[in-house]
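*Asks:* Could you look at this predicted model? Sequence included:
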Amino acid sequence: MWYGQVLAAVTGLCGGAIAATALSAFIIGLGIIPRYAGITHTAQHLLLYEDCLILGSIVGNVVSVYGMDLPLGRWGLLFTGLFFGIFLGSWIIALGEVVNVFAIMARRIGIKKGVGLIVLAIAAGKVLGSLFQFFLL
């Protein structure tokens, strides 16, 4: 009955690939990747950024679905956490920028100066909250 396990593995892999592709299409469709490329003046590498996003999503799903252990040690955990945090934080900021959340919020509450500091305070609060959760709880 090994073919049942192979079928389950292929089905799980295909499901993960579909979820990864949907997430990547959502991020690309919002214009986050082109925005990053525009800010960093690296628009010539746009297709590479999109390929890396899709590859990272697929690899992440494979590791998650199949429960693989990656023996990376403490340094691997440090770098992985750092990259996850950078990805999530920049995703949140870029999404907020794309939908103009900060501009609408500033206009509604009447802020004329210091919007950049508010964004930095939100990011710092996110970092400190994450560090508190990971190290103290």
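*Replies:* Nice, I can see it. Numbering: from 1, shown residues only.

*Asks:* What distance do you get for Ile58 to Leu7?
*Replies:* For Ile58, the distance to Leu7 equals 20 Å [Cβ to Cβ, to the nearest Å]. Bear in mind the C-beta positions are built from the backbone N, C-alpha and C, glycine included.

*Asks:* just Phe26 next, same as before
*Replies:* Between Phe26 and Leu7 the computed distance is 29 Å (Cβ to Cβ).

*Asks:* now for the biggest helix by length in the chain, which elements pack on it?
*Replies:* In the chain, assigned by DSSP state H, the helix with the most residues is helix 2-29. Contacts defined by 3 or more Cβ pairs under 8 Å, 6 or more residues apart in numbering; DSSP states H and E place helix 2-29 against helix 46-66.

*Asks:* What strand or helix carries Asp69?
*Replies:* Of the helices and strands defined by DSSP states H and E, none includes Asp69.

*Asks:* mind listing what it touches?
*Replies:* By Cβ atoms under 8 Å, 6 or more residues apart in numbering, no residues touch Asp69.

*Asks:* tell me the phi and psi of it?
*Replies:* Backbone torsions for Asp69, taken as degrees, to the nearest 10, come to phi -100, psi 130.

*Asks:* and if you look at Lys112?
*Replies:* Dihedral angles for Lys112 - degrees, to the nearest 10 - are phi -100, psi -40.

*Asks:* what's around it, how many residues?
*Replies:* Number of residues near Lys112 (other Cβ atoms under 10 Å) recorded here: 7.

*Asks:* What pLDDT is listed against Leu95?
*Replies:* With respect to pLDDT, Leu95 has a value of 69.

*Asks:* what does the helix or strand bottoming out on mean pLDDT in the chain contact?
*Replies:* Of all the helices and strands that make up the chain, helix 101-109 has the lowest average by mean pLDDT, DSSP states H and E, namely a mean of 73. Applying Cβ under 8 Å, 6+ apart, the contact partners of helix 101-109 are Gly96, Ile111, Val115, Ile118, Val119.
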